[in-house]
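after the sequence you'll find the predicted model.
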Amino acid sequence: MSGNRLNTSKTFLRHMATGKYFQAFDRWTIDRDSAHDFGQISNAARFAKGLRLAGRLADGVIIETGVLPEIVDDSLAQLASGAAEASRSIQEIDIWWHVRACLADSKQQARELLRSPVAGMGNRSVNFGISPLIPGKLRAKFEELNRRYDMSQHGPMMGNAPLIDELGLTDYLLERWSIGGTTEDLITRLRELDARGVHQIAISGLMKDKIGFINTLGTEVLPVVNGSATK
């Protein structure tokens with residue numbers, strides 16, 4: 001779609017209804033639960049082209065490229081490049097980073113639960129080619145992951161977890177697309193990511209007690225990370 005058509009679509013959507021708008025996979029959807037934020041248009045971006053598009057047009061972006069230092073730097077640079085093309089500042093964009101998350105009794109327990117979901121993130125990241133940011137020694141392994149990935153076992157089904165173990169991708173994928181472990185582990189990880197430039201995180205929680213997870217985040221993790229409590 002051309003830039004002019006995208007701008008026209010953006011204007012149309014702003015006046016179509018009250019709600020928050022997300023662009024994902026070239027489809028516009030409406031989050032009516034965000035009716036207080038009228039006309040907010042966000043882009044879910046996994047690749048450089050999507051990030052530049054978000055920089056040009058979106059009010060917000062949910063970045064799914066991962067949170068490794070070099071990935072964060074590149075993603076923000078792509079976003080800023082798109083913003084500059086539209087004479088905008090990256091500061092005008094509400095930036096979120098999508099990761100898989102798990103609160104558990106130990107880091108190892110969280111690791112076990114996160115393996116299959118991050119395998120899915122890794123597989124999706126190379127559906128349209130291998131990013132030059134993937135280390136050279138891992139590129140053939142990513143190609144093999146994409147070739148052998150079992151969509152019938154996608155996400156929490158755990159069927160793809162042994163595959164990333166076999167390929168030697170587990171550590172890389174967990175570090176790039178997840179946060180997990182005990183309360184202390186989450187605090188340490190979120191502080192680390194904040195220092196890296198990852199200030200807002202959109203999470204997919206991978207534990208049965210999701211309400212308990214949210215409560216723990218709100219009472220024991222985020223107040224410490226934000227400096228409003230001591231641990």
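Thanks, I have it.

elements contacting the helix or strand residue 203 falls within?
Using DSSP states H and E, residue 203 falls within strand 201-205. Judged by 3 or more CB pairs under 8 Å, 6 or more residues apart in numbering; DSSP states H and E, the packing partners of strand 201-205 are strand 94-103. C-betas here are computed from N, CA, C, even on glycine.

partner strands of the strand it packs on, with direction?
Next to strand 94-103 in the sheet, as set by DSSP bridges, lie strand 60-63 (parallel), strand 178-181 (parallel), strand 201-205 (parallel).

redo those strands as TSV? Include mean pLDDT and distance to residue 109.
Shown next, in TSV, are the strands paired with strand 94-103 (pLDDT from 0 to 100; distance: least, CB to CB, whole Å):
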stretch	mean pLDDT	distance to residue 109
strand 60-63	91	27
strand 178-181	96	8
strand 201-205	84	14
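
would CSV of those with mean neighbour count be doable?
Shown next, in CSV, are the strands paired with strand 94-103 (neighbours: other CB atoms under 10 Å):
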stretch, mean neighbour count
strand 60-63, 24
strand 178-181, 25
strand 201-205, 16
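
nearest to residue 107, out of these?
Residue 107 lies closest, by CB to CB, to one member of these: strand 178-181, at 3.8 Å.

what's the spacing between that closest one and its chain's center?
Using CA atoms, centre = their mean, to the nearest Å, the mean C-alpha position of strand 178-181 is found 13 Å from that of the whole chain.

what angle do the following helix or strand past it and strand 201-205 make?
Going down the chain from strand 178-181, the next helix or strand is helix 183-196, by DSSP H and E. Angle, helix 183-196 to strand 201-205, by axes from the mean of the first three to the mean of the last three CA atoms, to 10 degrees: 150 degrees.

what helices or strands is helix 183-196 leaning on?
Contact partners of helix 183-196 among helices and strands, from 3+ CB pairs under 8 Å, 6+ apart: strand 94-103, strand 178-181, helix 222-225.

hmm, try it at 10 Å
helix 69-85, strand 94-103, helix 107-125, strand 178-181, strand 201-205, helix 210-216, helix 222-225 (3 or more CB pairs under 10 Å, 6 or more residues apart in numbering; DSSP states H and E).

got the domain ranges for this protein?
Per the record, the chain has its domains at 3-101+180-225, 105-178, by automatic domain parsing.

ranking the ones you listed by mean pLDDT, which is last?
Among the domains of the chain, domain 3-101+180-225 carries the lowest mean pLDDT, a mean of 78.

before we move on, the earlier item: switch the helices and strands packed on helix 183-196 over to TSV; also include distance to residue 136.
Shown next, in TSV, are the helices and strands packed on helix 183-196 (distance: least, CB to CB, whole Å):
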stretch	distance to residue 136
helix 69-85	13
strand 94-103	25
helix 107-125	16
strand 178-181	23
strand 201-205	29
helix 210-216	37
helix 222-225	35
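
what's the most buried one of the ones you listed?
Compared across the helices and strands packed on helix 183-196, strand 178-181 shows the largest average neighbour count, a mean of 25 (mean count of other CB atoms under 10 Å).

how far away is the closest residue to residue 112 other than its chain neighbours from residue 101?
Once flanking residues are discounted, residue 112 sits nearest to residue 161: 7.8 Å by CB to CB, 6 or more residues apart in numbering. Separation of residue 161 from residue 101 (CB to CB, to the nearest Å): 17 Å.
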